[in-house]
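**Q** Model the following, please.
(3 chains)
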Amino acid sequence: MSAVQPDKSKLYHRQVPATWWLKKSTYFLFMLRELSSLFIALFLVLYLVQLYQLTDGPQAYVAFAHKLSSPGWLLFHLVVLLFALYHSFTWFQSTAVILVLRIGDRVIPREIVTALNIGAWGLISLVILVLFLALKG
Amino acid sequence: MAESTIRLNVTRYRPELDRVPRTQSYDIPYREDWVVLDALNHIKDQIDGTLSYRWSCRMGVCGSCGMMVNGVPKLTCASFLRDYYPREIQVEPLVNFPIIRDLVIDMSDFMDKLKSVKPWIIRKEEKPVSQGEYRQTPAELDTYKQFTQCINCMLCYAACPVYGLEPEFLGPAAIALGYRYNMDSRDQGRDQRQGILMSHDAIWQCTFVGECSLVCPKDVDPAAAIQRTKVDTTKEWFQSLLLPWGQK
Amino acid sequence: MFREKTTEPLWWGLFSAGGVIAAFLVPIHVIIAGFAVPLNWISDPGILYRSWLVRIYLFVLISLPLYHWAHRFYFAVNDMQLGIPRKPLALLCYGGAVVGTLVAGWVLARL
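**A** Model prediction:
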């Protein structure tokens, strides 16, 4: 090596504080996005527990659903819903960054890809709701 | 008539004298058209010749003058005093790099990681000059052009929390440049880069914080390059798992 | 020939698939299971779940986002520098997702 090297023993190393994600709004929103996965998982586990009640018959299932009408559980599901929506919208934005969609020679702008994803989400949600209403018995 | 001044609080670190960095304040004349780099040059020329810092082109193409300005990684040649005036301006060396002296950081980790992705055209066989130039359509150029704009300023490394926490992480610019050469239609070196790009600790620590693309002064969007590299690598991994005869 | 012995692409692939499922399907299911049915906006006598098609759909809905959680949570906890050692954390997260998948399959098969 022809370049002059610094004295490695005198380099000053600054540590990243463990609270780095609290110091900037973009970092904080990032961490919230990551934690949304926890609330989604908790909801799905609860949903599985609810479905498990069916092994004891439909009355047990309906009784459990009634338990979920308590203010505590309603608040839980509200928090889950907010986090789930945050996950969905940030996921659609990420998809638009990662996927390069072309029509011929031209690239589809990111805002349009995001909008298409949101539209698909709306449509799929509606279809699931309609199917549920039609098939629930 | 009293001239307006603005205060710069600058990190000082003299390895032969200091055990830890400290901050030194300088009051310099406020000029509407000055950038932070002009302020640093004024300090060095008129006030304190001992201040050390890197700079070169002063117009945002060389990537030398990256520093933390009020906690944000910026090119000091592109940070106007008028955007901060009358508040004080903190000038610190780029975070996530060791400090050599004052505002000068040790970039050898970045240089090593950049070299490891082999950021040059790799050919299995060189085309002799007599056969003419390599030809590329505008569409082929389009697939990688934005990633050629990287000026190696390392602002993305200062912005990336993962680079600060994970020693093996290649970092935004290195991965983006690896992607740039993989996507170049003239390049045939993808398998040579895969060794590093697909290894356990090189790209996977990225959690798409996205701060790198936010601070990039040349709109390279390294975050996009990294996620696309993950997608390509995952596709190849599953292909080699499910269709082993299809491997190159 | 170049592939180092890393399984990271597998977990990232599962993370991505789980993320897609969660993004498109979870909000409406939260509304149905968390509000509409408990508050009696819609009745749900539980007959729907006898269908195998519905049970397979629910298996995908419940299990894949667990891998999404495992991968994101593992990296987030590491990033938060809480001092939790990596291998036990990985076992908790990815192992938890696998256990969740098996439990979900078992429960749904028994309905």
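
**Q** pretty sure residue B:54 is touching residue B:104, no?
**A** Yes - using Cβ atoms under 8 Å, residue B:54 is in contact with residue B:104, at 5.9 Å. In short, each C-beta sits where N, CA and C put it, glycine included.

**Q** Tell me where chain B has helices.
**A** For chain B, applying DSSP state H gives helices covering B:36-42, B:108-116, B:138-142, B:155-159, B:161-165, B:172-183, B:190-197, B:211-215, B:222-242.

**Q** Could you tell me the average pLDDT over the fifth one, please?
**A** Throughout helix B:161-165, pLDDT has a mean value of 96.

**Q** do the same with the first one
**A** Helix B:36-42 shows a mean pLDDT of 98 in the predicted model.

**Q** Please export the C-alpha coordinates of that helix as CSV.
**A** Provided in CSV are the C-alpha atoms of helix B:36-42 (Å, rounded to 0.1, in the frame of the first residue of the first chain):
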residue,chain,number,x,y,z
VAL,B,36,-21.3,24.8,5.3
LEU,B,37,-18.2,24.0,3.3
ASP,B,38,-17.6,27.7,2.6
ALA,B,39,-18.0,28.2,6.4
LEU,B,40,-15.4,25.5,7.1
ASN,B,41,-13.0,26.9,4.5
HIS,B,42,-13.4,30.4,6.1
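
**Q** on contacts alone, who are the packing partners of that helix?
**A** Judged by 3 or more Cβ pairs under 8 Å, 6 or more residues apart in numbering or on different chains; DSSP states H and E, helix B:36-42 is in contact with strand B:5-12, strand B:22-29, strand B:89-92.

**Q** The lowest-mean-pLDDT helix or strand in chain B packs against which elements?
**A** Ranked by mean pLDDT, DSSP states H and E, the helix or strand of chain B with the weakest confidence is helix B:190-197, at a mean of 88. Contact analysis of helix B:190-197 by 3+ Cβ pairs under 8 Å, 6+ apart lists helix B:172-183, helix B:222-242 as its packing neighbours.

**Q** redo that, cut-off 6 Å
**A** Applying 3 or more Cβ pairs under 6 Å, 6 or more residues apart in numbering or on different chains; DSSP states H and E, we find helix B:190-197 packed against helix B:172-183.

**Q** now check the helix it packs on, is it near chain A?
**A** No - for a cut-off given as Cβ under 6 Å from any Cβ of the partner chain, helix B:172-183 has no contacts with chain A; the smallest distance is 10.3 Å.

**Q** Give the buried residues for stretch A:44-53.
**A** Across stretch A:44-53, burial judged by 16 or more other Cβ atoms under 10 Å in any protein chain shown covers A:44-48, A:50-53.

**Q** Kindly report the same for stretch A:67-82.
**A** Neighbour counts over stretch A:67-82 (16+ other Cβ under 10 Å) mark A:68, A:76-77, A:80-81 as buried.

**Q** Now do the same for the residue in chain C that chain B sits nearest to: helix, strand or coil?
**A** Proximity of chain C to chain B (Cβ to the nearest Cβ) peaks at residue C:9, 3.6 Å away. Following DSSP: H, G, I helix; E, B strand; the rest coil, we place residue C:9 in the helix state.

**Q** Double-check it against residue B:234; I have them as touching.
**A** Yes - using Cβ atoms under 6 Å, residue C:9 is in contact with residue B:234, at 4.2 Å.

**Q** how far away is residue B:234 from chain A?
**A** Look at residue B:234 and chain A: by Cβ to the nearest Cβ, to the nearest Å, they are 12 Å apart.

**Q** can you pull the contacts of that residue?
**A** Contact analysis of residue B:234 by Cβ atoms under 6 Å, 6 or more residues apart in numbering or on different chains lists C:9, C:12-13.

**Q** May I ask which of those has the most neighbours?
**A** Most neighbours among the contacts of residue B:234, by other Cβ atoms under 10 Å in any protein chain shown: residue C:9, with 21 neighbours.

**Q** Identify the residue nearest residue A:94 in space, chain neighbours excluded?
**A** Leaving aside its chain neighbours, residue A:94 sits nearest to residue B:208 (6.4 Å; criterion: Cβ to Cβ, 6 or more residues apart in numbering or on different chains).

**Q** What is the neighbour count of that neighbour?
**A** Neighbours around residue B:208, by other Cβ under 10 Å: 21.

**Q** What's the per-residue pLDDT of it here?
**A** In this model, residue B:208 is scored at 97, pLDDT.

**Q** And for residue A:84?
**A** Residue A:84 carries a pLDDT value of 98.

**Q** again with residue A:91
**A** Note for residue A:91: predicted pLDDT of 98.

**Q** what's the answer for residue C:5, then?
**A** Looking at residue C:5, its pLDDT stands at 68.

**Q** and residue B:78, what is it in contact with?
**A** residue B:60.

**Q** I'd like the distance between it and residue B:228.
**A** Taking Cβ to Cβ, to the nearest Å as the measure, residue B:78 falls 27 Å from residue B:228.

**Q** about what we covered before: in strands, which of the buried residues of stretch A:44-53 appear?
**A** Secondary structure from DSSP state E places none of the buried residues of stretch A:44-53 in strands.

**Q** Name the nearest of the residues you listed relative to residue C:92.
**A** Distance to residue C:92, by Cβ to Cβ, is smallest for residue A:45 among those, at 14.4 Å.

**Q** Spatially central, which residue of chain A would that be?
**A** residue A:87 (2.5 Å; Cα atoms, centre = their mean).

**Q** Can you tell me the SS state at it?
**A** Per three-state DSSP, residue A:87 ends up helix.

**Q** is it true that it touches residue A:38?
**A** No - Residue A:87 sits out of contact with residue A:38 when judged by Cβ under 6 Å, with a separation of 10.5 Å.

**Q** rewinding a little: among the helices of chain B, which one carries the weakest average confidence?
**A** In terms of mean pLDDT, the lowest-scoring of the helices of chain B is helix B:190-197 (a mean of 88).

**Q** the strands in chain A, which residues?
**A** Counting by DSSP E, the strands of chain A are A:102-103, A:106-107.

**Q** For stretch A:118-125, buried residues please.
**A** Under 16+ other Cβ under 10 Å, the buried positions of stretch A:118-125 are A:121, A:125.

**Q** ditto for stretch B:124-138
**A** Under 16+ other Cβ under 10 Å, stretch B:124-138 has no buried positions.

**Q** out of the helices and strands packed on helix B:36-42, nearest to chain C?
**A** Closest to chain C of the helices and strands packed on helix B:36-42 is strand B:89-92 (Cβ to the nearest Cβ; 21.3 Å).

**Q** Give the rounded mean pLDDT of whichever helix in chain C runs longest.
**A** Counting residues, the longest helix found in chain C (DSSP H) is helix C:52-79. Taken as a whole, helix C:52-79 has a mean pLDDT of 97.
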